[in-house]
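> any chance you can model this:
(4 chains)
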4 protein chains.
Amino acid sequence: MSGNTLGKLFCVTSFGESHGPAIGCVVDGCPPGLPISAEEIQVELDRRKPGTSRHVTQRREPDEVEILSGVFEGVTTGTPIALLIRNQDQRSRDYGNISETFRPGHADYEYWQKYGIRDYRGGGRSSARETAVRVAAGAIARKWLQERYGIVIRGFMSQLGPIPIPFVSWDEVSRNPFFAPNAGIVPQLEAYMDELRKSGDSIGARIDVVATGVPVGWGEPVYDRLDADIAYAMMGINAVKGVEIGAGFECVTQHGTEHSDEMTPEGYLTNNAGGVLGGISSGQDIIVSMAVKPTSSIRLDRRSIDKQGKPVIVNTHGRHDPCVGIRATPIAEAMLAIVLMDHALRHRAQCGDVMTETPRIARLAPQGVQRVPPPRA
Amino acid sequence: MSGNTLGKLFCVTSFGESHGPAIGCVVDGCPPGLPISAEEIQVELDRRKPGTSRHVTQRREPDEVEILSGVFEGVTTGTPIALLIRNQDQRSRDYGNISETFRPGHADYEYWQKYGIRDYRGGGRSSARETAVRVAAGAIARKWLQERYGIVIRGFMSQLGPIPIPFVSWDEVSRNPFFAPNAGIVPQLEAYMDELRKSGDSIGARIDVVATGVPVGWGEPVYDRLDADIAYAMMGINAVKGVEIGAGFECVTQHGTEHSDEMTPEGYLTNNAGGVLGGISSGQDIIVSMAVKPTSSIRLDRRSIDKQGKPVIVNTHGRHDPCVGIRATPIAEAMLAIVLMDHALRHRAQCGDVMTETPRIARLAPQGVQRVPPPRA
Amino acid sequence: MSGNTLGKLFCVTSFGESHGPAIGCVVDGCPPGLPISAEEIQVELDRRKPGTSRHVTQRREPDEVEILSGVFEGVTTGTPIALLIRNQDQRSRDYGNISETFRPGHADYEYWQKYGIRDYRGGGRSSARETAVRVAAGAIARKWLQERYGIVIRGFMSQLGPIPIPFVSWDEVSRNPFFAPNAGIVPQLEAYMDELRKSGDSIGARIDVVATGVPVGWGEPVYDRLDADIAYAMMGINAVKGVEIGAGFECVTQHGTEHSDEMTPEGYLTNNAGGVLGGISSGQDIIVSMAVKPTSSIRLDRRSIDKQGKPVIVNTHGRHDPCVGIRATPIAEAMLAIVLMDHALRHRAQCGDVMTETPRIARLAPQGVQRVPPPRA
Amino acid sequence: MSGNTLGKLFCVTSFGESHGPAIGCVVDGCPPGLPISAEEIQVELDRRKPGTSRHVTQRREPDEVEILSGVFEGVTTGTPIALLIRNQDQRSRDYGNISETFRPGHADYEYWQKYGIRDYRGGGRSSARETAVRVAAGAIARKWLQERYGIVIRGFMSQLGPIPIPFVSWDEVSRNPFFAPNAGIVPQLEAYMDELRKSGDSIGARIDVVATGVPVGWGEPVYDRLDADIAYAMMGINAVKGVEIGAGFECVTQHGTEHSDEMTPEGYLTNNAGGVLGGISSGQDIIVSMAVKPTSSIRLDRRSIDKQGKPVIVNTHGRHDPCVGIRATPIAEAMLAIVLMDHALRHRAQCGDVMTETPRIARLAPQGVQRVPPPRA
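Predicted coordinates for the structure are as follows:
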């Protein structure tokens, strides 16, 4: 039940510090027989890795993954898959000057109080660098979900600071460094980011993730609801401060006649539920939205204290993302993939496999008319 | 790792259906020596129970709790505490007519597809009635947190449909049936609800919960972050569609200079973090907000299908809450209490007890100036 | 991860003290659609219950079980099954005189040191009375294993103190109060027990349990091996001090040529492995043996101490089993059933269902010639 | 809840195959501030590593451990400690000839049936090579237990095939390659092993482990009893077929007057309980004994089948231990250390820390007269 393990049947145990020798994870519970290679995992890692545009951190990390176990002759064996990523560009000197002070917005003070240890090397374990291993593990989950159920998991940036990004097309997402589903708005995003970078400040963002093709029936009624586990996974991403499923906070002002999704023989008419009812997938798209706070590491002066409790001024001149939300999309996709795979296995354990089990009941039109992706005012 | 168990060290295993013989739970891992009685638990249950005002369901459930084990001579023994609540007013006839159809907005269809079973008795396991056991278990957590650390957990309704409820005072919360922290607005809420009830429709709400006095250092850096576990717990409450910590979705438009909370020798200057940084409590108030969707059981006609996939019209004439958010406040408080207690024990396991351990380090001003409760625009 | 929960997917959470209001459990993770009734569970409980012969405790406990949830219209719904057994014959006065002293061989002193609580009512939580709930939960597991896979789980007493009980026939087991698979030896056992009872002393026993029909492939390679989980379950039964799988301790003096079971196209030639190799079931019978210590509650004088550390003499005049091993057989069967069901679900989660999955590989002769039950010198 | 994770609070997640790139583990939940180095862990690994005498496998594995995370400036940080051991001498060619057949006594057939995969490289995951990571993780547990509580964990071989090894002195254990606590018997053991090696056969062994200094009160009453978790851990070691606590199977023939350990103000008079009563440590030595089966890889001809189910003759000419029990002592010690540390943390979580908590109750003489180590007839 370690705090660094994600999932109950598809289990990802993460390790590593930003500026230690390596980061990595052990993926346990993966079904045998899945073809997977380091190259496939690398593709996902490359989407998240630093240094790919001027809008993200310039730290040089190839994020090259090595598979240490659990794969033999190109397929998973059913035993634990260990993934290793050596840290390359670990300039600890960047951080030495902060070893005696606490950076505002970071967890420096909290770690120090919790553990009695001040690992000042780039935030140590609290660094978003750890999210690389989530992306690596997520690549395995994604492939299995795709191969076995045809599930597709895709995310995009839906808002950059004050700029909402209307959804136009999934195709656009991979064509710009923002994961924006909208080519027309990219120049505005670039201009905004260039200005921001000059100012030395940072900004928040909103990321949406959608899973299409999830069978009806995954999840648990109480506590380990599918939406609860998704909320846990998303709020567990560094810098996330809010999570919504489907209509999210809009439901506060909705009437029942507006919110609850009517059903017809052709399917649901709307998807305010975001694909989850009573903690169980409805067969509609799973729709998740999250708020990513602005980077705490900024060049501007901030008030703080040192280990002796004396007031100090902190500013950060390392290599940082001015908007951590930009690289959050692949992470959010990975987290959703891991949660879904975990629940796929849990469902199969208790109820048998929808793919092989003789259906106990006639399956009704599961999909129907959908609002995809969710509109944001 | 059952799906019906909440918590890893303070474990609440829930059981029971809305219209079965009983609901209840087993609370395992509670420290020994805590004075607790059925009467104390009853006080919390009475805050949530139905039938207390005209604005909530008129189902008559005394929700009387019996302690079956784990308490001897008035104190906890360290062994599992079983709590039992017999269902009294289980008019299953109210539901017989829906046994062949699926109610929109409910999980009827999802349960049927998942389990191949249609327990039509008031939603069975998916009923919000189950939340009574969370409140009962939460009463134990709350008492321990209060006695050992002086932690106070309080919630309130911050918005009822279109009506924001400005925070005035904690004292007001218990004086009206809405858990509104504002006496002046109560007539407006009553008028709104009376009108709504007549219309046959339902409405959403926003609930805020605040924990004061949480020591710095609780939580885990990765995955089982304190905020991730809170998000899991809150999204796991029936009808919740969104969860925020601290600034929540407001952080999307915030700059780093605005969002990240500066520190001074006197404490943090703001609390946009909502009391959690890097997954670990900061010593400031834990501030959580959640969106509760409108009740799906309404008297108005809704399109749906039956078990044969034929179109039907469904409307619900049972005894229902027109705004389930009204009774959600004690539930949210209970969930927060359970999560905090779980992390208190987890922290004590790994790092020793802040109350008894000789401090490894000087404790710095942990509290400071706070925005309490969080303002909502 | 509560200490009072058995199993990871088929989870039994136990509660209750010997002389409190009730004992019971919550069974979570049971597949839906299994026909089960209180009467079927009662059949198993009646095999274990006290007062059925002069050789066991004369406490009068009907051990009547009530199903509180998780079963609707005669079948499991997939939601938690709560089972309740009220205590009836709870003469706490039998125990009042020991509230200040510690009974040798019991855990009185250990509980008191661990929890700071002295629940003197018949051992409280440490009483073997708790095992009734294991038998109740096991009845569900057993039925599912039998219905789905044709697995049969049977136990017997293989030694009573100095008297080895040669295996003759499964049919005999239910025809005598000792669960002896041998009618001819019963008079000797009765005479031994009558003599023992008069002496006021108690005696140990050996119990064997065999599961037939377990498919090849259940278990996990490392840590959660099938045999490791069986050892955990059996050593977790009150009074058990030793557990063997297959040849058990005999393997110490065996050569490889003798111990390792040869395979032929017709199957394994022997079963020294006891049906488990590398932590995974081999398709042969699972064969387990355990040592049950003599009852610690005896009428004869024993030296002990009281809460002040002063020397005292303790003897116990309550209603006790002179050989707790006699009633241990149904408990051991139940524990094995629970472990096997748990691993059946775990296997199905990761590898799919042997009953429905198109076989990835041709199944080879899995059973073959077996030594059943295992001979004991 | 992955099957490859040992422990609930001190969690060891293992990975790696015998002939893959590496083996290793992630240790999560370790308290911060423990001084630990790769060198200290190496000391333990060197006790288990192959090639140290002619009586064990001649595979050349330096078993050099690298700490990848969780240790900073020489002490644990409280974050996951990843340990990596690269495989060096992985002559897969030794195994190529067995890729189509199943070795008797090994889990080849079981893995193939479970996973549909035949990883023929030296047993893959089922190889005892995996136990190196247990020893590495155990080195951390051991150090913490020693530093914080003064606990000493020591094992020895108590029987080699037909030769019982009377306990003489702990000092002798490290002076011979058998971990025999008896110098006088070593020539007999050497002669026996030399003869055995020539014959091409293998032999079983018995290993005893003792933990001294364990405080009273560790463990859980039901299911996760300290002895149940120890049985799980020991039966989870490759080749172990039986586990005893204290008197073990001797208790079958003991009377209550003989078995139950009397208490005096000076302590317990005997230790038939093996240091655990009711699942909770008594303060006496924890005494465990286990049976290790003879190596299945032998040079002599054995009947088996191939993947097509045809009969074949198998013999193994790789580099194998003729008695795997010889190297089992450090593994058993490591497993006991991990279980004890896990329960130390669990106890601290629920009941507070015996080292810092103001004692709720006067501690009585906890140790007393002991039978250490346990005599074996």
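
> in chain A, what residue is nearest chain C?
A:Ala349 (3.6 Å; Cβ to the nearest Cβ). Heads up, the C-betas are built off the backbone N, CA and C, glycines and all.

> and the closest residue to that residue other than its chain neighbours, backbone torsions?
Closest residue in space to A:Ala349, ignoring its immediate chain neighbours: C:Ala349 at 3.6 Å, by Cβ to Cβ, 6 or more residues apart in numbering or on different chains. When read as degrees, to the nearest 10, the backbone of C:Ala349 gives phi -60, psi -50.

> what's the burial count for C:Ala349?
25 (other Cβ atoms under 10 Å in any protein chain shown).

> ok, it to chain B distance?
11 Å (Cβ to the nearest Cβ, to the nearest Å).

> that residue touches A:Leu9, doesn't it?
Yes. Between C:Ala349 and A:Leu9 there is a contact under Cβ atoms under 8 Å: 5.1 Å.

> who touches both of these two?
A:Gly29, A:Leu345, A:Arg346, A:Ala349 (Cβ atoms under 8 Å, 6 or more residues apart in numbering or on different chains).

> in helices, which of the residues you listed fall?
A:Leu345, A:Arg346, A:Ala349 (DSSP state H).

> and the first one, what's its pLDDT?
We note a pLDDT of 96 for A:Leu345 in this prediction.

> host element of A:Ala233?
helix A:226-235 (DSSP states H and E).

> also A:Ser289?
Residue-wise, A:Ser289 maps onto strand A:286-292 under DSSP H and E.

> quick check: neighbours of that strand in the sheet, parallel or antiparallel?
With DSSP bridges as the test, strand A:286-292 is paired with strand A:205-212 (antiparallel), strand A:240-245 (antiparallel).

> give me phi/psi at the closest residue to A:Glu44 other than its chain neighbours?
Setting aside the residues directly before and after it, A:Glu44 is nearest to A:Ala139 in space (Cβ to Cβ, 6+ apart), at 4.1 Å. Note on A:Ala139: backbone dihedrals following degrees, to the nearest 10 are phi -60, psi -30.

> dump the ones in helices among the shared contacts of C:Ala349 and A:Leu9 to a markdown table, plus distance to C:Gly278.
Formatted as a markdown table, these follow (distance: Cβ to Cβ, whole Å):
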| residue | distance to C:Gly278 |
| --- | --- |
| A:Leu345 | 22 |
| A:Arg346 | 25 |
| A:Ala349 | 22 |
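
> what's the closest of these to B:Gly279?
B:Gly279 has its nearest neighbour among those in A:Arg346, at 24.3 Å by Cβ to Cβ.

> how about the closest one, nearest residue that isn't a chain neighbour?
That would be A:Leu9: by Cβ to Cβ, 6+ apart, it lies 5.6 Å from A:Arg346.

> would the one you found count as being in a strand?
No. Secondary structure of A:Leu9 (DSSP: H, G, I helix; E, B strand; the rest coil): coil, not part of a strand.

> can you pull the contacts of it?
By Cβ under 8 Å, 6+ apart, the neighbours of A:Leu9 are A:Gly29, A:Asp342, A:Leu345, A:Arg346, A:Ala349, C:Arg346, C:Ala349, C:Gln350, D:Met1.

> tell me which two of those residues sit farthest apart.
Between all members of the contacts of A:Leu9, the farthest pair (by Cβ to Cβ) comes out as A:Asp342 and C:Arg346, at 13.5 Å.

> count of neighbours near the spatially closest residue to A:Arg299 that is not a sequence neighbour?
Distances taken as Cβ to Cβ, 6+ apart put A:Gly200 closest to A:Arg299, at 3.5 Å, once the chain neighbours are dropped. If you count neighbours by other Cβ under 10 Å, A:Gly200 ends up with 16.

> any idea of the pLDDT on A:Gly200?
If you check A:Gly200, the pLDDT there is 94.

> just checking, it touches A:Leu300?
Yes. With contact defined as Cβ under 8 Å, A:Gly200 counts as touching A:Leu300 (4.8 Å).

> quick one: the strands in the stretch 51-200 of chain A?
For the stretch 51-200 of chain A, the strands defined by DSSP state E, counting those that start in this stretch cover A:65-67, A:71-72, A:75-76, A:81-86, A:152-160, A:163-164.

> packing partners of the last one?
Other elements packing on strand A:163-164 under the criterion 3 or more Cβ pairs under 8 Å, 6 or more residues apart in numbering or on different chains; DSSP states H and E are helix A:186-199.

> check the fourth one too.
With contacts defined as 3+ Cβ pairs under 8 Å, 6+ apart, strand A:81-86 has these neighbours: strand A:22-28, strand A:65-67, helix A:131-149, strand D:11-16.

> orientation of the longest one relative to strand A:205-212 in degrees?
Interaxial angle of helix A:131-149 relative to strand A:205-212 (axes from the mean of the first three to the mean of the last three Cα atoms, to 10 degrees): 20 degrees.

> any low-confidence regions in chain A?
A:1, A:90-97, A:318, A:354-377 (pLDDT under 70).

> OK, contacts around the residue nearest to the spatial centre of it?
In chain A, the C-alpha nearest the mean C-alpha coordinate belongs to A:Ala332, at 2.0 Å (Cα atoms, centre = their mean). A:Ala332 sits next to A:Gly155, A:Ile207, A:Val209, A:Met234, A:Ile237, A:Val288, A:Met290 when contact means Cβ under 8 Å, 6+ apart.

> check for me that A:Glu40 belongs to a strand.
No. A:Glu40: not assigned to a strand; according to three-state DSSP it is helix.

> thought it was touching A:Gln146?
No. A:Glu40 sits out of contact with A:Gln146 when judged by Cβ under 8 Å, with a separation of 11.1 Å.

> returning to that earlier point: figure out which of the strands paired with strand A:286-292 is closest to C:Ile98.
Per Cβ to Cβ, nearest to C:Ile98 of the strands paired with strand A:286-292: strand A:240-245, 54.5 Å.

> okay then, goodbye and thanks.
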